[in-house]
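Student: Got a predicted structure plus its sequence, pasted below:
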Amino acid sequence: MNKPNLFNWATSELSQDAFISWLLSWANYPEYGGLNKTAKQLIVKLTDNRIDKVEKVEIIKQKYKIDILCVVNSEFAILIEDKTNTKDHSNQLENYLTKLSKDFPREKIFPIYFKTGDQSNYTTINNAGYKLFLRPDFIEVLEFGKNLGVENSIYLDFYDYLIRIENSFKSYKNLSVDKWHWGSWKGFYTELQKQLNDGNWDYVPQKNGGFLGFYWNWRRKKFEDTGFEYYLQLEHRKFCFKLYPYKREKARQIRDYYRSLLYPKAKEHNIKIYQNGRIGKWMTVAALKTSYIETDKNGFLDMKETIKTIKEIQNMLNEI
């Protein structure tokens, strides 16, 4: 039965900081069996089993502006950059690690990018030397505690909160396409990335509220004395052919040139497109007339056929 959940209101990163810090703190209280074991299990998972014996934990907030610093056994430092729906920026990850290295040997620091929301690309995090600890990883730890019999209401509220986010993310699998919502598109785009081995997705702002866009298959070409890039973009159910001219003053001529290549090639492959978009920096030049999302008779996603359709369009574009 649905009941009020604290974390439906406490949705900020500060609230998540508090929960993670609260949970880790239970590692100091062996008399509270389930919570104590779960806290220690979290430390084990964060450090890839390199810390398997926890005697003392100290939680330090905002040292060097680090979200959470967990010092274990007065020897090891778990540096946690905690994110919900925001992303890393401004070399913050490298800066935290550099500053903390003044206090701990580098080999005893465990830098963690702790993310319970969703993100398209983690390249900068990996390059900064941080371990990814994502929502499914945390759910696994919380399920460990739940299976031990933890009944703390704060704990169970956070667990239920994450489960709802995860179910929303996976909902593209069990909802008809006409009922997809924001979480469904995130899950679908993430699966597309895996299937295509390409692409990124992010929020695209617009006056009407914006959308989640998935963009991939970037190509470059020359026009007279300048160049341009062309690529594909999904705007939820809309399939767009996009263009980025290097010189804005030649945008119209470049668009017309690109269309003169695109339209005949699409016709040759029997791919139905129509003229769309306006002159701009990142402009749509055409859109697909038919749906790129293939479904079964009940309106549910057929991923295999959808990928087939997308790849046929990709292959057409790559012939230009």
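Tutor: Done, it's in.
Student: what about Asn95, distance to Ala251?
Tutor: As judged by CB to CB, to the nearest Å, Asn95 and Ala251 stand 38 Å apart. The way it works is simple: take the backbone N, C-alpha and C, and place the C-beta from them, glycine included.
Student: For stretch 113-125, list the C-alpha coordinates in PDB.
Tutor: Extracted C-alpha coordinates of stretch 113-125, given in PDB (Å, rounded to 0.1, in the frame of the first residue of the first chain):
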ATOM      1  CA  TYR A 113      31.300   9.100  -7.900                       C
ATOM      2  CA  PHE A 114      28.000   8.200  -6.100                       C
ATOM      3  CA  LYS A 115      25.100   8.700  -8.500                       C
ATOM      4  CA  THR A 116      21.500   7.700  -7.900                       C
ATOM      5  CA  GLY A 117      20.000   9.700 -10.800                       C
ATOM      6  CA  ASP A 118      20.900   8.900 -14.400                       C
ATOM      7  CA  GLN A 119      23.600  10.300 -16.700                       C
ATOM      8  CA  SER A 120      24.400   9.700 -20.300                       C
ATOM      9  CA  ASN A 121      28.200   9.700 -20.200                       C
ATOM     10  CA  TYR A 122      30.800   9.000 -17.500                       C
ATOM     11  CA  THR A 123      34.000   9.500 -19.500                       C
ATOM     12  CA  THR A 124      35.100  12.500 -17.400                       C
ATOM     13  CA  ILE A 125      34.500  10.500 -14.200                       C
END
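Student: tell me the average confidence for that stretch?
Tutor: The pLDDT scores in stretch 113-125 average 95.
Student: which of Asn95 and Ala251 has more neighbours?
Tutor: Ala251 (19 against 14; other CB atoms under 10 Å).
Student: and that one, what element?
Tutor: Secondary-structure element containing Ala251, defined by DSSP states H and E: helix 251-268.
Student: buried sites along that helix?
Tutor: 251, 254-255, 257-259, 262-263, 265-266 (16 or more other CB atoms under 10 Å).
Student: and what of stretch 274-285?
Tutor: Quick answer for stretch 274-285 (16+ other CB under 10 Å): 277, 283-285.
Student: Would you convert these into a markdown table that also reports distance to Phe144 and pLDDT?
Tutor: Below are those laid out as a markdown table (distance: CB to CB, whole Å; pLDDT from 0 to 100):
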| residue | distance to Phe144 | pLDDT |
| --- | --- | --- |
| Gly277 | 50 | 92 |
| Met283 | 50 | 96 |
| Thr284 | 48 | 97 |
| Val285 | 51 | 97 |
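Student: Make JSON lines from those residues and add secondary structure and distance to Phe19 to it.
Tutor: Converted to JSON lines, the buried residues of stretch 274-285 look like this (DSSP: H, G, I helix; E, B strand; the rest coil; distance: CB to CB, whole Å):
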{"residue": "Gly277", "secondary structure": "coil", "distance to Phe19": "45"}
{"residue": "Met283", "secondary structure": "strand", "distance to Phe19": "44"}
{"residue": "Thr284", "secondary structure": "strand", "distance to Phe19": "42"}
{"residue": "Val285", "secondary structure": "strand", "distance to Phe19": "47"}
